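Asker: Requesting a structural model of the entry that follows:
(2 chains)
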Amino acid sequence: MSESAVRTRRWTRVEYDKLIETGFLGPGDKIELLGGQLCVSEPQNNPHATAISLGLEAIRHALAPGWHVRVQLPIALDDESEPEPDLAVVSGGPRDYADHPSRPALVVEVADSSLALDREHKGSLYARARLPEYWIVNLVDRVLEVHRESGPDAGAPYGWAYRVVLTLGPDEHVTPLAAPSARLLVADFLP
Amino acid sequence: MQTTYPRTRRWTRAEYDRLIDKGVFQPDERLELLAGHLVVREPQGDPHTLAIELANEALRTAFGPEWRVRVQLPIALDDESEPEPDVSVAPGPLREDSEAKPSRLVLVVEIAQSSLTLDREYKASLYARARVPEYWILNLGDRVLEVYREPHPDASAPHGWAYRSRQDLAAGEHVTPLAAPTARIAVAELLP
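Answerer: The predicted model follows:
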């Protein structure tokens, strides 16, 4: 029997924030709250870190004023989820948020060993929160996966999934929904 | 499609006790710490609660005043487990300075209605790993008492240990706990 067959306690985002404030979870805990579960983030290797820096550069240049990019910072996604995506594009500037932003226009995860998890689990969670666009920088296949148009899907872990998935090779270009005049080369995202 | 589950944070028993002390959980929550996971206990039906009382009575009589027979109270099983078995027996007698959460158990009993898989696989392996010498599952669905003994390493078990011996006793049969060798309990006495 897998451990998933055991029904474990789910945490709300309010409880999760309290665990952090009261010191139960510290800086040494690499944790994200996903669908009520305290999920452990896997350690990052060099290509992962490089891809985050590359993605940050590329996206920053493409954005008009009025947006900014957050790097591995918490998103108040829903009542039981507070993920820390590798990159998140949110409107306004850093000082515009007293609390964590909840509605990024684009989230990006860099995936090597976490590919299945990022596709199914996080993809479903972001789709359920109706985030319009989710990218996976897939280091295994050296492609960019562009996920769009969330909709209900009973087979997905959280009951929602993205209906459109574009898989783009290094020579192809991508235009973020939030920056319709930009044209980004996928190769610029790959270490 | 095979769904991949993320690895969740595991809690130590010390952390778990601190979470309880600080009032982090809701008062009506029923939880157990099993191998670092905060596991939610399923609601109990009437047959379940009656079976607990029956087992409590039978074991108190069988073991006598030199032993602590405890009902749904936490036990300090290992560094990452604090289950609350339906009935458990620990050496006594009970005194003011007794350990609040005993760690050395001679017998653990779970009443199984809907929780049979959890009790047989996940919990049995956990109790075996902690070298609890005897584990009973009162299987209400099949009306048998499953008696598990002889914990031993077993790589295929969820926690690396399992019980070597399993005996299924029907209502007409009797059971003698290892730690109470002169007692003789009729299985029928345990069944609601």
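Asker: does the most centrally placed residue in chain B sit in a helix or strand, and which one?
Answerer: Geometric centre of chain B, nearest residue: B:Pro85, 3.5 Å, by Cα atoms, centre = their mean. Using DSSP states H and E, B:Pro85 falls within no helix or strand.
Asker: Disregarding residues adjacent in the polypeptide, which is nearest to it?
Answerer: B:Val108 (4.6 Å; Cβ to Cβ, 6 or more residues apart in numbering or on different chains). For every residue, glycine as well, the C-beta is placed using N, CA and C.
Asker: wait, what's in contact with the one you found?
Answerer: For B:Val108, the contacting residues are B:75, B:85, B:87-89, B:127, B:132, B:134-136, by Cβ atoms under 8 Å, 6 or more residues apart in numbering or on different chains.
Asker: distance between the lowest-mean-pLDDT helix or strand in chain B and the chain's centre?
Answerer: Across the helices and strands of chain B, mean confidence by mean pLDDT, DSSP states H and E is lowest for helix B:116-117: a mean of 90. In terms of Cα atoms, centre = their mean, to the nearest Å, the centre of helix B:116-117 is found 13 Å from the chain centre.
Asker: List phi and psi for the residue nearest to B:Pro85.
Answerer: For B:Val108, the backbone dihedrals are phi -120, psi 140 (criterion: degrees, to the nearest 10).
Asker: quick one, phi psi at the residue nearest to the centre of chain B?
Answerer: Backbone phi and psi, for B:Pro85 under degrees, to the nearest 10, turn out to be phi -60, psi 150.
Asker: go on, A:Thr12?
Answerer: Given degrees, to the nearest 10, the pair of backbone angles that A:Thr12 has is phi -80, psi 170.
Asker: Surely it is in contact with A:Asp79?
Answerer: Yes: when contacts are counted by Cβ atoms under 8 Å, A:Thr12 is listed as touching A:Asp79 (5.7 Å).
Asker: out of those two, which sits in the busier spot?
Answerer: Between A:Thr12 and A:Asp79, counting by other Cβ atoms under 10 Å in any protein chain shown, A:Thr12 is the more crowded of the two (15 against 10).
Asker: tell me the contacts of that one?
Answerer: By Cβ under 8 Å, 6+ apart, the residues touching A:Thr12 are A:36, A:79-80.
Asker: Tell me the one of these nearest chain B?
Answerer: Of all these, A:Gly36 has the smallest distance to chain B: 10.1 Å, by Cβ to the nearest Cβ.
Asker: and B:Pro151, that's in a helix?
Answerer: No: according to DSSP: H, G, I helix; E, B strand; the rest coil, the state of B:Pro151 is strand, so it is not within a helix.
Asker: Determine the number of other residues adjacent to it.
Answerer: 22.
Asker: same question, the one 10 residues further on
Answerer: Applying the criterion other Cβ under 10 Å, we find 19 residues in the vicinity of B:Trp161.
Asker: Check the contacts of B:Val108 for burial and list the buried ones.
Answerer: For those, burial is judged from neighbour counts taken by 16 or more other Cβ atoms under 10 Å in any protein chain shown, and it is met by B:75, B:85, B:87-89, B:127, B:132, B:134-136.
Asker: For those, please prepare CSV with the additional fields secondary structure, pLDDT and distance to B:Pro6.
Answerer: Written out in CSV, the entries for these read as follows (DSSP: H, G, I helix; E, B strand; the rest coil; pLDDT from 0 to 100; distance: Cβ to Cβ, whole Å):
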residue, secondary structure, pLDDT, distance to B:Pro6
B:Ile75, coil, 97, 29
B:Pro85, coil, 97, 29
B:Val87, strand, 98, 35
B:Ser88, strand, 98, 33
B:Val89, strand, 98, 38
B:Tyr127, helix, 98, 27
B:Val132, coil, 98, 31
B:Glu134, strand, 98, 36
B:Tyr135, strand, 98, 31
B:Trp136, strand, 98, 35
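Asker: Closest to chain A out of those residues?
Answerer: The closest of the buried ones among the contacts of B:Val108, once distances to chain A are taken by Cβ to the nearest Cβ, is B:Tyr127, at 15.0 Å.
Asker: is it true that the closest one touches B:Trp136?
Answerer: No: the pair B:Tyr127 and B:Trp136 fails to qualify as a contact (Cβ under 8 Å) at a distance of 10.4 Å.
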